[in-house]
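Participant: Pasting the sequence and the predicted model now:
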Amino acid sequence: MNAPSTPTKQQLKRWRKYLAAERAEAAVYRDLASRRSGEEKAILLALADAEGRHEQHWVDLLGSQQGRPLRSDWRTRFLGLLARRFGGVFVLALAQRAEARSDYDDNVDATPGMAADERIHGEVVRALAARGRQRLSGTFRAAVFGMNDGLVSNLALVLGVAGAGLPQHVILLTGVAGLLAGALSMGAGEYVSVRSQRELLDASSPDDQARASIPDLDVNANELALVYRARGMSQDEAEAHAREVLAGGAATGAVPLTSDAQEAVGSAWHAAGSSFLFFSSGAIIPILPFMFGLGGVAALIISLVLVGVALVITGAIVGLLSGASPFKRALRQLAIGYGAAAVTYLLGLLFGVSTA
């Protein structure tokens with residue numbers, strides 16, 4: 001695209017802004033690449049080079065009128081700070097949202113190729129972020145759900161008994177009991193879940209004695225092909241694979257019956273301990289004011305504020321990792337938590353009035 005002979009001040013200002021943004025985004029990708037190795041490092045450096053091509057477009061438009069380098073918008077600066085200090089999936093999730101905000105589609109000064117590049121960049125970053133999400137999905141799920149359950153359930157319990165007009169020491173005792181009961185229940189449930197999953201996987205795993213017997217099978221009459229058919233192969237595929245295995249088994253002694261990857265479910269005790277701790281860390285927050293001797297309306301307000309802050313943080317983290325709006329996810333988490341607490345408080349009020 002050719003620049004007009006005499007660009008207006010508004011055009012120059014806009015082009016300088018885009019130039020600053022492209023330079024900042026390229027720096028973010030280089031900072032992220034510095035914290036990675038192998039294929040991910042190469043991909044991030046390639047993205048930085050692509051942003052450099054976009055930067056050159058605005059340099060060409062501005063020519064000798066680039067002026068003093070401008071600062072990029074606060075989102076990109078914040079993203080750069082996180083990339084330099086931390087890296088990780090959170091920064092990639094933010095970068096994914098940043099690419100999605102590109103307005104090159106409606107920008108008469110940008111080329112169609114640049115708009116297409118930004119969409120593809122978003123998909124590249126989405127794929128990189130998906131790798132990180134997959135690596136931490138189990139731990140993240142346990143942390144978010146465990147803490148959120150502790151926050152909401154114990155806040156609702158505390159407000160319910162407070163609404164019923166019970167004294168401060170009873171509210172505190174109820175909160176502590178709710179923390180222990182909920183944490184133990186979460187831990188036990190997670191232990192049973194993971195343990196049961198491991199037992200199901202073990203029951204589906206090939207028998208070691210069956211593996212060892214492969215070299216002794218009769219080549220002309222054996223049921224090895226039936227094993228592969230039972231695992232989903234067609235008859236022709238199963239028979240061909242059985243012949244290959246038997247041919248290899250004669251030379252190597254033992255050949256695995258299957259190459260299916262076993263699902264990594266982790267330790268049942270580790271899962272139970274994590275769930276116990278995550279639930280406890282959330283459930284203790286609503287009772288902190290009562291533990292420090294506060295009571296009445298002041299304690300309830302402080303409890304609501306503390307839980308609200310925690311709910312907003314967990315909701316924002318969920319939003320970041322899912323590539324959605326952190327603000328909307330934080331509000332949703334807050335509304336759900338406060339909604340549950342309001343219902344139990346009203347029920348407590350009704351119960352207190354009816355027994356007065």
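Facilitator: Received it, and whenever you're ready, just let me know what you need. Residues are numbered from 1 along each chain as shown.
Participant: Mind telling me what element Gly293 is part of?
Facilitator: Counting by DSSP states H and E, no helix or strand carries Gly293.
Participant: what does Gly150 give?
Facilitator: Assigned by DSSP H and E, Gly150 falls within helix 112-163.
Participant: State the mean pLDDT of stretch 295-312.
Facilitator: Across stretch 295-312, the average pLDDT comes to 90.
Participant: I'd like to know how many residues surround Phe145.
Facilitator: Phe145 has 16 neighbouring residues, counting by other C-beta atoms under 10 Å. Glycine gets a C-beta too; all of them are placed from N, C-alpha and C.
Participant: Ignoring the adjacent residues along the chain, who's closest to it?
Facilitator: Leaving aside its chain neighbours, Phe145 sits nearest to Phe278 (7.8 Å; criterion: C-beta to C-beta, 6 or more residues apart in numbering).
Participant: per-residue confidence at the one you found?
Facilitator: pLDDT for Phe278: 87.
Participant: circling back: other SSEs contacting the following helix or strand past the helix holding Gly150?
Facilitator: Downstream of helix 112-163, the next assigned helix or strand under DSSP H and E is helix 168-204. Contacts defined by 3 or more C-beta pairs under 8 Å, 6 or more residues apart in numbering; DSSP states H and E place helix 168-204 against helix 112-163, helix 268-283, helix 288-291.
Participant: Need the contact partners of stretch 332-345.
Facilitator: With contact meaning C-beta atoms under 8 Å, 6 or more residues apart in numbering, stretch 332-345 is reached by 148, 151-153, 155-157, 159-160, 162-163, 304, 307-308, 311-312, 314-315, 318.
Participant: what's the spacing between that stretch and its chain's center?
Facilitator: 23 Å (C-alpha atoms, centre = their mean, to the nearest Å).
Participant: what does stretch 19-26 give?
Facilitator: With C-alpha atoms, centre = their mean, you get 27 Å for stretch 19-26.
Participant: and what of stretch 49-58?
Facilitator: Its chain's C-alpha centre and that of stretch 49-58 lie 31 Å apart, by C-alpha atoms, centre = their mean.
Participant: tell me the mean pLDDT over that stretch?
Facilitator: Here the average pLDDT along stretch 49-58 is 82.
Participant: Would you indicate which residues of that stretch are buried?
Facilitator: Neighbour-count burial for stretch 49-58, counted by 16 or more other C-beta atoms under 10 Å, picks out 50-51, 54-55, 57-58.
Participant: Format the residues you listed as TSV; extra columns: distance to Glu39.
Facilitator: Below are the buried residues of stretch 49-58 laid out as TSV (distance: C-beta to C-beta, whole Å):
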residue	distance to Glu39
Ala50	17
Glu51	19
His54	23
Glu55	25
His57	28
Trp58	30
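Participant: Go through the residues you listed and say which is closest to Asp105.
Facilitator: The shortest gap between Asp105 and any of those belongs to His54, at 13.9 Å (C-beta to C-beta).
Participant: element containing that closest one?
Facilitator: Using DSSP H and E, His54 maps to helix 38-62.
Participant: again with Asp236
Facilitator: Here Asp236 sits within helix 235-252, counting by DSSP H and E.
Participant: closest one to Gln235 among the helices and strands packed on helix 168-204?
Facilitator: helix 112-163 (35.4 Å).
Participant: one step back: centre of the chain versus the helix holding Asp236, how much separation?
Facilitator: 42 Å.
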